[in-house]
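In: make a model of this:
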Amino acid sequence: MTSKDSFNIRPKVRQNILPPNPEANLSDGAVGPGRFPSWLHRPLPQGSLLSKTHDILKKGQLPTVCEEAKCPNLLECFSKKTATFLAMGKDCTRNCGFCDIDHLKNPPPLDPKEPEKIAEASKRLGLKHIVITMVARDDLEDGGASHLAKIIRAIKKNLPDATVEVLTSDFEGNKAALDTIIEAQPKIFNHNIETVRDWTPRVRHKATYDRTLEVLSYVKSKAPHVWVKSGIMVGLGEVDSQVEETLRDLKQAGCDIVTIGQYLQPNRKKLRVKAFITPDQFNHYTQFGQDLGIKSMYCGPFVRSSYNADLVQRKFEENH
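Out: Numbering: from 1, shown residues only. Alright, predicted model coming up:
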């Protein structure tokens, strides 16, 4: 990798993920106010695949949620030649308290070539499991569902042996839009509940806790063969009993896979971190979810909804 390649990628990730406020709960293993605890430190990955992944995405003019949301796992994932595509542009019609993706009430029109671009990039990256997430497009009649379905079909046409996972908005509860996605036959349907019930109004802009549960339940009832997935962030001020309540609700809604990860403040205007959750606490959430009967729990400080999604999918398939 050249110094130029390194400069293009690394500062965006390392300089924009901010430490929490000085009053954040820094429990066992922490190094002091305003700093990250030991379990949130890891070496930077190396290798030529990092720049190759970046070049493929840049050539296709394809945004990724890895870059736009400043994911802390970007360097690791790019170094393994994998990424999560962000469909329908870089601008979201919602302005959630945790998310760094740009907000715009009237985003540009959809790119009709995007389905083929994503399929081609997936092929060039050699992906076996492709994750497509999306900005919320409340400006569109179907919330972008038909466009997302075209992306799924383009991938299936060009990579018939690959599996597809979609991470969607709630489409404002539009069941016809959800049917459009179901008919395109993704392997995994993912819609994040993001946080516990009491924190939802502050964390999410337009989506509601109950509507998310309704979306997940509807997809599972309409397409039992589709694996239903959801995820939450912790460290925003929630307590254990609230997380446990959320896991019960996700189980009741029919979720097969649940992810839980540490919230990190992406910029100074977003919600601040209230606590760093210890690895032991993540283990507790894993065990609690498994005891409820959730088939796959993936929890940890660096876990994000699409992080290691290929490994989660493979393990789930092996066990079920």
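In: alpha carbons only for contacts and neighbour counts from here, please
Out: OK.
In: tell me the contacts of residue 301?
Out: Residue 301 is in contact with 39, 40, 261, 262, 277, 278, 279, 282, counting by C-alpha atoms under 8 Å, 6 or more residues apart in numbering.
In: try it again at 10 Å.
Out: The contact partners of residue 301, by C-alpha atoms under 10 Å, 6 or more residues apart in numbering, come to 39-40, 233-235, 260-264, 276-279, 281-282.
In: and which of those residues is nearest residue 152?
Out: residue 260 (25.8 Å; C-alpha to C-alpha).
In: how about the closest one: what's its closest non-neighbour residue?
Out: residue 299 (4.6 Å; C-alpha to C-alpha, 6 or more residues apart in numbering).
In: for that neighbour, helix, strand, or coil?
Out: strand (DSSP: H, G, I helix; E, B strand; the rest coil).
In: tell me the helices and strands packed up against the longest strand along the chain.
Out: When the chain is parsed with DSSP state E, its longest strand is strand 227-234. Counting contacts by 3 or more C-alpha pairs under 10 Å, 6 or more residues apart in numbering; DSSP states H and E, strand 227-234 packs against strand 163-167, strand 188-190, helix 209-222, helix 240-252, strand 257-262, strand 296-300, helix 309-319.
In: try it again at 7 Å.
Out: Using 3 or more C-alpha pairs under 7 Å, 6 or more residues apart in numbering; DSSP states H and E, the elements in contact with strand 227-234 are strand 188-190, strand 257-262.
In: looking at those, which is nearest to residue 70?
Out: If you check each of the helices and strands packed on strand 227-234 against residue 70 by C-alpha to C-alpha, strand 257-262 wins as the nearest, at 13.7 Å.
In: state the pLDDT value of the residue nearest to residue 260.
Out: The score at residue 299 is 97. That number is its pLDDT.
In: ramachandran angles for residue 273?
Out: Main-chain dihedrals, residue 273, degrees, to the nearest 10: phi -70, psi 130.
In: what about it, how many residues nearby?
Out: Neighbours of residue 273 under the rule other C-alpha atoms under 10 Å: 23.
In: I'd say it and residue 238 touch.
Out: No - taking contacts as C-alpha atoms under 7 Å, residue 273 lies outside contact range of residue 238: 10.9 Å.
In: highest neighbour count among the contacts of residue 301?
Out: Neighbour counts for the contacts of residue 301, by other C-alpha under 10 Å, peak at residue 264, which reaches 28 neighbours.
In: in terms of helices and strands, where is it?
Out: According to DSSP states H and E, residue 264 maps onto no helix or strand at all.
In: surely it meets residue 273?
Out: Yes - the pair residue 264 / residue 273 is scored as a contact, 6.3 Å apart, by C-alpha under 7 Å.
In: quick one: secondary structure of residue 157?
Out: Classification of residue 157 by three-state DSSP places it in helix.
In: residue contacts, it?
Out: For residue 157, the contact set (C-alpha atoms under 7 Å, 6 or more residues apart in numbering) is empty.
In: ranges for the helices of the chain?
Out: Here the chain has its helices, by DSSP state H, at 3-14, 49-59, 65-68, 74-79, 114-125, 145-158, 175-183, 200-203, 209-222, 240-252, 279-292, 309-319.
In: looking at those, spot the one closest to residue 191.
Out: Among these, helix 209-222 comes nearest to residue 191, with 7.1 Å by C-alpha to C-alpha.
In: list the contacts of the residue nearest to residue 260.
Out: 259, 260, 261, 282, 286 are the contacts of residue 299 under C-alpha under 7 Å, 6+ apart.
In: now do 8 Å
Out: Counted by C-alpha under 8 Å, 6+ apart, residue 299 has contacts 259, 260, 261, 282, 283, 285, 286.
In: before we move on, what about residue 131?
Out: By C-alpha under 8 Å, 6+ apart, the contact set of residue 131 is 83, 84, 85, 164, 165, 166, 167, 306, 309.
In: ok, now residue 222?
Out: Taking C-alpha under 8 Å, 6+ apart, one finds nothing in contact with residue 222.
In: and it, how far from residue 150?
Out: Noted for residue 222: a distance of 20 Å to residue 150, by C-alpha to C-alpha, to the nearest Å.
In: please apply the same query to residue 320.
Out: 29 Å.
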